[in-house]
Every structure is written in C-alpha cells, then in structure tokens.
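Peer 1: Quick one: sequence plus predicted model below, questions after.
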Amino acid sequence: MDGLDEAPDRTERERAARLFENATGAYAKCRFVVTTRTQSYSGGALLSGFHEARIEPLTAEAVATFLDRWCRGLYPASARMAEEHRKELSEALRARPEIRTMTRNPVMLTALAVVHWHERRLPEQRADLYDSILTWLSRQRDQKPGREKAERCLTLLEVLALAMQNFPLGRQVRFAMEWAGVALALEFGHASESERLERAVQFLEQETADSGIIVSRGRALEFWHLTFQEHLTARAIAGLAEPDQIELLLHERKIYRPEWREVALLLAGVLRVKQEKAKVNGLVSAILNRTGTKLADQARAAGLLGAIVNDLKPLDYQPADARYRELMNVVLGIFDREKSKTVEFAVRLEAAEALGQAGDPRLARDNWVRIEGFEIGRYPVAVAEYRRFVEDGGYQNERWWKAGRVGQTTEPGDWEEQKEHPNRPVVNVSWYESPAYCAWAGARLLKEAEWERAACGTKGRRYPWGNEKPDVTRANYRETGPEHPTPVGLYPAGATPEGIQDLAGNVWEWVEDSHEEGRLRVLRGGSWFNDASDLLAASRLGNVIEDTFWGIGFRVARDVPLP
C-alpha cells in the first residue's frame, strides 16, 4: 500500500490506517507493506501491529544507483545517451555542497533530476535553483481536490517564513502549528476569525503531508531545510515596496546579523533573477548610505556586499554605485603590505573580524600560489572554508576518512566558538581531520619538504619573509600578538615573496610526514602562543596524531596541473 500520506487529510489517513489493520486480520497469510512520509505518520494514523522501518538518508552508492536507473529510464533505447546524461547530471549534483546535501533525500534528489532534465542544467545562481526546486515541489500536488494552487501555496509559505525569520525575539526555525495558523489566518479571506484559523491549520496539515517543503515534528513544524525558509523569506521581502525592504533589513542593522546573511544574499539573487538589476543596485546603495566612517563598520558592509556580488557572479552583476569599489579598496587595504602601515593593529584586527563575520571576500577567490612542482594555499584553511566541509556531511561520509579517524567526532573542538570567527584559521583539528578535509576539497596535505620549500625559498631564508627577526608587523606570536589566532593574512609584512601568508605564527600546521619519535606527526610554523624561536622556517615539532589544540591548524596543497 503505497503512500498513506497521500490521503487528503488527517481523517482520511486514520480511516485508511484502520482499513489496513483490519485487512491484516482478514488475510492473515498475506504480508502487508505500507509506505508513508514520516511527517504524516502520527496520532491516529499509526498502524497497530506493524513493524516500523525508517529509510535512512541515501548513501553515495544509493544516489549513484538512482542516477543510473533514472538516466536509463530517460533513454531506454540508447545506452550511450543514458551514460552521457548520467555523467552530466552527476557533475551538476557534485558542484556545490548545498546540492550534495539535498541529494541524500529521495524527494529532493528527484526534484534536482527533474529540474536538470527540464532546463538541461542546474541553475548556477542559488536563488534561481531554489525557485526551480520549490516550484516543482509545490506543483506535484496542486491538482488534488481542495488544494491551493502551487503559486498560492508558495505565497502563503513566504508569509510564514518571513514571520518566523522576523520574530520579535529572534529567528525561529521550529514553530507550533497553532502559532503558524495564527500567522497565516489573515491570508484566508473575510471569513470569521475561527474559520480563517481553521483553514490556515488545514493548509499547514496538507503541506506537511505531501509538499516536502515543510515537515512536522509532532505538533511542531519546520521547513525541510533552513535554506527553504531563508529563500522564501527573501521572496517575501522582494514583494515589498523598496522603502519597506530597506526599513526591514537595516533597522537595528538587522542585515548584518548572522541569521540574516543568507536572506540578504538570496534577496539579491531573487531581485536579479527577475531581471530587476536596478533594485539590486538600490539595495547596495541603501547599505552604503547607512555605512558609517568607522573602519569596522565599513568592513562589515564590505563583507556583506562582497558576498552579494560573489553570489551573483553567474549573472554577471557589478554594483553601479562607485562607492562600492571605493569601500572595498579601503577595507581590503588592511591586508596590504603598504596600506596597512597607516592603520593601528587594533583597528585592523577589529575590522578584519567584522569582515569575517559579514563574509570575507578573499576566501571566495582562487588562493592557490604556485611553487615549483606544486601549488600551496595562500592561507591556512579558514573556519568558513572548513564549515562547508562540516555542513556537507564531511564527518559522516567515510569516503573522506581513508587515513583514519579519532572516535565518532562530528566537528572540531569548540566549534560553536570557532564559527564566530569565520576568517580565522580552523583549529582544534587532529591530524586525521586535515587529510579528510583535503580529500573533500580535491586537495591534499602538504609534505614537510614542500612546506619548507615554501617557507625557506631556494636560498634558505631564516623566516618566510627573509632573514630579519620577527616583530609586531610580521607574525602573530607570544611576545607581540593578541593571545589568540587572528584572521588569515593580517600580517602582510610576514608573507613570502610569492605572497604566501601566515607560514610563521598564528597556528601550527599539520603536514603529511611522520615524526621520527614514535606515533607522531610533524607540525610546522609556530603559533600565537609560541616564542619567536619557534617561527624559524627550519623549526619543527612532533605531535600526537590524535591531539587537538587552539594553536593547531593546517594548509592545503595540490599537484601542478599538467599543461
């Protein structure tokens, strides 16, 4: 019996459940299998005497099987065309972490495959992608009797998403059915208050039963994925008049709060996808109009605007307001060898932290530096970069952990605190975590000889920058630093001639090599809590392979691509 959740309402699901129970008694020699989405399987719809088996998220192998069968179904007469389409679709699904996360859910995997089939691609811009997915999901059941049409459903969910996002006590990600009904009641015409509330609750029950956009947790509801809530919030804001948009987003600097960042990026995408470039320009100018003269405030604005521009890269967008480029030049000057000399370190540190929290545009660039025979990361791996690995299920996917692992960890130590500083180096990672991240990122861990070649050069420099002793301008270490890791690249005078940053100080870096003394691996570079002597390019340390600390991170490398 397929699809108990497809019964039109709770009463019908409960009636069907009783029918199935009675049938097992009347046909005792038969075996019965009933399928349902978990969010609809509650209360009176529960089946007595049935064994419950929950389908786990799809493994990589299961996704591959789905794609193989999907493509052979599309091209039953041509194995060649089926294989070509499978390769094309597989590459599209691996392109971004948020897409890879969706593929573990059968409904979302199907939605992505359908969108790709109809559009011959997956939209590069995220707002366009989420629009396509949500539209497909909402259209799958708008022909059922008594159901709202697809566009109307999305409009109602936009209202709900905005109410949750803009809740007076802070963003809500889970909500009671009764509260949601009240939030939507005004959208159901001129009936009595109780009738409007009843219709709103009925709509929500139907949505949780079969849309896949919102799901139930008992009498509580939530969007299937937080990004759905953020995207629908962005759509709701895009429908407001421009003055109302600006007031909502910039009142009490709401747009700079971490929980509003994705909404701001997706709003720009929604406006641009609708061919309303002027409205994106209006949003950018409004942010610039309310940016103060304090460097930390300017850095916060630069981080957000830089992220918006980067997110709209597939749509070839650049702000028309000349102040945007001026702002970026001023703020990124804190990382410039010459410009940084005119700004006090404490001011640069505050600005760099603010830039990281809003979205450091440097981390979205190609930061590979070529050294003879290999390429090395310009910076140690930053928290923002490592966070994508964590959120992509990196700790759950054993394919990345061929070098081994420690226990059943699901994130680095003190991860919540680390996430507050996105452009600092990730720390508290064991040696095992570094090659796992590298495998996920399509890179590898540095060999010790490569690290030393980058730090010493071909003429044997004493330090990465040359032979001059360390000082407050060149490295973050015990005598001169702020006593904690700092945003990557904040000591430009300490860079190598090729522009590789933070090879001395800030954090120790795991390398691939084993240490001579027992079961140890090598650390290079010194850190914020070490003396100047540990910053020598030749300094090295052996460390227990499972050990983690606030002063240990790592850097990535890769082989030079063949011409």
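Peer 2: Everything's here; your move.
Peer 1: Please report how far the spatially most central residue of the chain lies from Thr101.
Peer 2: In the chain, the centroid-proximal residue (C-alpha atoms, centre = their mean) is Arg388; its distance is 5.3 Å. Here the criterion is C-beta to C-beta, to the nearest Å. By it, Arg388 lies 10 Å from Thr101. Where you see a C-beta, it was placed from the backbone N, CA and C, and this is true even at glycine.
Peer 1: What of Tyr386?
Peer 2: According to C-beta to C-beta, Tyr386 stands 16 Å off from Thr101.
Peer 1: what's the answer for Ala53, then?
Peer 2: Separation of Ala53 from Thr101 (C-beta to C-beta): 24 Å.
Peer 1: who's more crowded, those two?
Peer 2: Thr101 (16 against 7; other C-beta atoms under 10 Å).
Peer 1: if I pick the more buried one, what's in contact with it?
Peer 2: By C-beta atoms under 8 Å, 6 or more residues apart in numbering, the contact list for Thr101 reads 225, 391-393.
Peer 1: Can you give the distance from the strand or helix carrying it to the centre of its chain?
Peer 2: Using DSSP states H and E, Thr101 sits within helix 97-102. Helix 97-102 sits 9 Å away from the centroid of its parent chain (C-alpha atoms, centre = their mean, to the nearest Å).
Peer 1: Quick one: mean pLDDT over it.
Peer 2: In this model, helix 97-102 has a mean pLDDT of 81.
Peer 1: oh, and call the first residue 35 from now on, that's how I've got it
Peer 2: Taking 35 as the first residue, the last one we looked at is helix 131-136.
Peer 1: Give me the next element, helix or strand, following that helix.
Peer 2: Using DSSP H and E, the helix or strand that follows helix 131-136 in sequence is helix 140-153.
Peer 1: how close does Asp547 sit to Leu231?
Peer 2: 66 Å.
Peer 1: for the stretch 385-534 of the chain, what spans make up the helices?
Peer 2: Counting by DSSP state H, counting those that start in this stretch, residue ranges of the helices within the stretch 385-534 of the chain are 417-425, 449-452, 467-475, 482-490.
Peer 1: Quick one: residues contacting Arg134.
Peer 2: By C-beta under 8 Å, 6+ apart, the contact set of Arg134 is 127-128, 426-427.
Peer 1: How about the secondary structure of Ala336?
Peer 2: helix (DSSP: H, G, I helix; E, B strand; the rest coil).
Peer 1: In contact with the closest residue in space to it that isn't next to it in sequence, which residues are there?
Peer 2: Leaving aside its chain neighbours, Ala336 sits nearest to Val365 (4.0 Å; criterion: C-beta to C-beta, 6 or more residues apart in numbering). For Val365, the contact set (C-beta under 8 Å, 6+ apart) comprises 329, 332-333, 336, 385, 389.
Peer 1: If we use 7 Å, what do you get?
Peer 2: 332-333, 336, 385, 389 (C-beta atoms under 7 Å, 6 or more residues apart in numbering).
Peer 1: with those residues in mind, which one is nearest to Leu554?
Peer 2: Looking at these and their distance to Leu554, the nearest is Leu389, at 36.4 Å (C-beta to C-beta).
Peer 1: So the closest one is in contact with Gln332, correct?
Peer 2: No. Look at Leu389 against Gln332 with C-beta atoms under 7 Å: they stay out of range, at 9.2 Å.
Peer 1: higher neighbour count, those two?
Peer 2: Leu389 (30 against 21).
Peer 1: Now for the closest residue to Pro498 other than its chain neighbours, how many residues are close by?
Peer 2: Counting by C-beta to C-beta, 6+ apart, Leu537 is the residue found nearest to Pro498 once chain neighbours are left out, at 4.1 Å. Using other C-beta under 10 Å, Leu537 is surrounded by 28 other residues.
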